[in-house]
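1. curious how this folds, go ahead:
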Amino acid sequence: MRAAVLTRFGVPLTVREMPDPEAGGGEVVVEVLATCVPPYAAEVFGGERNYPLVPPVVPGIGGVGRIVHAGPDATRLRAGDLVWCDCTVRSRDDALTPDITLQGWSSRGEGGARLAEYLHDGSFAELMRVPTENVFPLPAAAGDDPARWAALSVHTISYGGLLAGGLAAGETLLVSGATGNLGSSAVAVALAMGAGRVVAPGRNRAALGLLADRFGPRVCPVPLTGDEAVDRAAMSAAGGGPIDMVIDLLPPSAPSSASRAAAMTVREYGRVVLMGGVGMLGGDGLALPYPWLMRNSITVRGQWMYPRPANVGIIRLLASGALDLAPEHVRSFGLDAVNDAVAYAASNGGPFDRTALVPMATAGSPSR
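-> Numbering: from 1, shown residues only. The predicted structure is shown next:
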């Protein structure tokens, strides 16, 4: 097979021939039809994000594919099935606190690193070996446009955060980082789940306008000033009443003051879910006031990625049409153009901009 390989940080990916992966027990081999290239991929491959990848490695964060071979313990999956491959791999020897690796992308702690040694390579390749439990059937419609459905890698993350916070129909949600690639996904997914109102703060006025135009009055944009007190008051007012839940999806470059301003808009007994990158590259801690947390009975929880059932839930939202992929702008690239794809993603990371790598193609396709 052919694959794009990160040989070392700070150099372009190299496309080369590699041995075909083989499935053992509890594994499948999938032909990769499309995978998402995140806007921050260039920062990962350049070393700025300090991800625990060990070159040489085939990167990638899951994808849409067809099963080539299923292991002997697969009871329902068959060769030829169209599937979504979830990159979030959990160790099988500790049900309570499993080690986690994001196959071909990242890992957590020593145990996650050991898991990554075994499931080393990701989806920037023609073929990929995936644990059986990380493979989920897709509707036939996904086969008509797998590059568009590769956005599952984005939407599943935001969906997992909303599940973690227990978002209920009719509630008011504030998305901290709403104008970003992942934050805008949270806006769309929350509305598909039945949120009554979504407060969308951000500095990018054009992106705020795009959110308002796409979703109408259920989205309340809030231009941010950088003044923590002023921004907190503006976000609270935009809720038009109690804000039930805040989800923070800000990137590592954002200051902790922005996260704190958003978090402290939540009502008494409200919930705050932290799943962005604030502080990952240093800087001040979040420093939420102890008396405010205690006296208002606030729930604050972190959420890295999502539980396995979230894959089924987000696929159902897409299949039902409640979450619509049609308005998203997708640009596809063949494997030979992988470095062009990485550069394009870095320059086109706004709301609902998607960059897809289509490994079986040989050249970039036009924007659509």
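2. all helices of the stretch 1-150 of the chain, in order?
-> Under the criterion DSSP state H, counting those that start in this stretch, helices of the stretch 1-150 of the chain are mapped to 41-46, 109-118, 146-149.
3. quick one: contacts of the longest one?
-> Counting by C-beta atoms under 8 Å, 6 or more residues apart in numbering, helix 109-118 makes contact with P52, V54, V89, S91, D99, I100, T101, Q103, S107, all of which sit outside it. Using the backbone N, CA and C atoms, a C-beta is placed for each residue, glycine as well.
4. quick one: buried residues of it?
-> Burial within helix 109-118, assessed by neighbour count using 16 or more other C-beta atoms under 10 Å, is assigned to G111, G112, L115, A116.
5. what about it, average pLDDT?
-> For helix 109-118, mean pLDDT is 95.
6. from the contacts of helix 109-118, list just the buried residues.
-> Buried members of the contacts of helix 109-118, scored by 16+ other C-beta under 10 Å, are V89, S91, D99, I100, T101, Q103, S107.
7. distance to P39 added to those residues, as TSV?
-> Shown next, in TSV, are these (distance: C-beta to C-beta, whole Å):
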residue	distance to P39
V89	23
S91	29
D99	28
I100	23
T101	22
Q103	20
S107	21
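8. end to end, how far does stretch 275-290 reach?
-> Using C-alpha to C-alpha, to the nearest Å, the end-to-end distance of stretch 275-290 comes out at 21 Å.
9. which residues are in contact with the helix or strand hosting R316?
-> Per DSSP states H and E, R316 falls inside helix 309-320. Outside helix 309-320, the residues that touch it by C-beta under 8 Å, 6+ apart are 84, 86, 136, 138-139, 141, 149, 152, 155-156, 159-160, 163, 189, 192-193, 323, 325.
10. identify the residues contacting the closest residue in space to T299 that isn't next to it in sequence.
-> Spatial nearest neighbour of T299, chain neighbours left out: R271 (4.6 Å); criterion: C-beta to C-beta, 6 or more residues apart in numbering. Counting by C-beta under 8 Å, 6+ apart, R271 makes contact with G165, G166, D244, M245, V246, I298, T299, V300, R301.
11. burial count for the second one?
-> Residues contacting G166 under the criterion other C-beta atoms under 10 Å number 12.
12. which strand or helix spans it?
-> Going by DSSP H and E, G166 is not in any helix or strand.
13. phi and psi next, for it.
-> Main-chain torsions, G166, degrees, to the nearest 10: phi 70, psi 40.
14. okay, the closest residue in space to S123 that isn't next to it in sequence and R316: tell me how far apart.
-> Nearest residue to S123, sequence neighbours excluded (C-beta to C-beta, 6+ apart): G60, at 3.2 Å. To R316, G60 is 24 Å away according to C-beta to C-beta, to the nearest Å.
15. and for T265?
-> From T265 to R316 the distance is 31 Å (C-beta to C-beta).
16. which one of the two has more residues nearby?
-> Using other C-beta under 10 Å, the more surrounded residue of T265 and R316 is T265, with 26 against 12.
17. wait, what's in contact with that one?
-> Per C-beta under 8 Å, 6+ apart, neighbours of T265: L174, V199, R232, M235, S236, G239, I243, V246.
18. now the second one, what's its secondary structure?
-> What that stands for is V199. Judged by DSSP: H, G, I helix; E, B strand; the rest coil, the three-state class of V199 is strand.
19. give me the distance between the closest residue to it other than its chain neighbours and S91.
-> Excluding the flanking residues, the one nearest V199 by C-beta to C-beta, 6+ apart is L174, at 4.2 Å. Applying C-beta to C-beta, the value for L174 to S91 is 34 Å.
20. do the same with M18
-> 25 Å.
21. likewise A41?
-> Using C-beta to C-beta, A41 is found at 26 Å from S91.
22. for G47, same thing?
-> Counting by C-beta to C-beta, the gap from G47 to S91 is 27 Å.
23. could you work out the end-to-end span of stretch 247-263 for me?
-> Stretch 247-263 has an end-to-end distance of 8 Å (C-alpha to C-alpha).
24. off-centre distance for that stretch?
-> 17 Å (C-alpha atoms, centre = their mean, to the nearest Å).
25. also stretch 68-75?
-> 27 Å.
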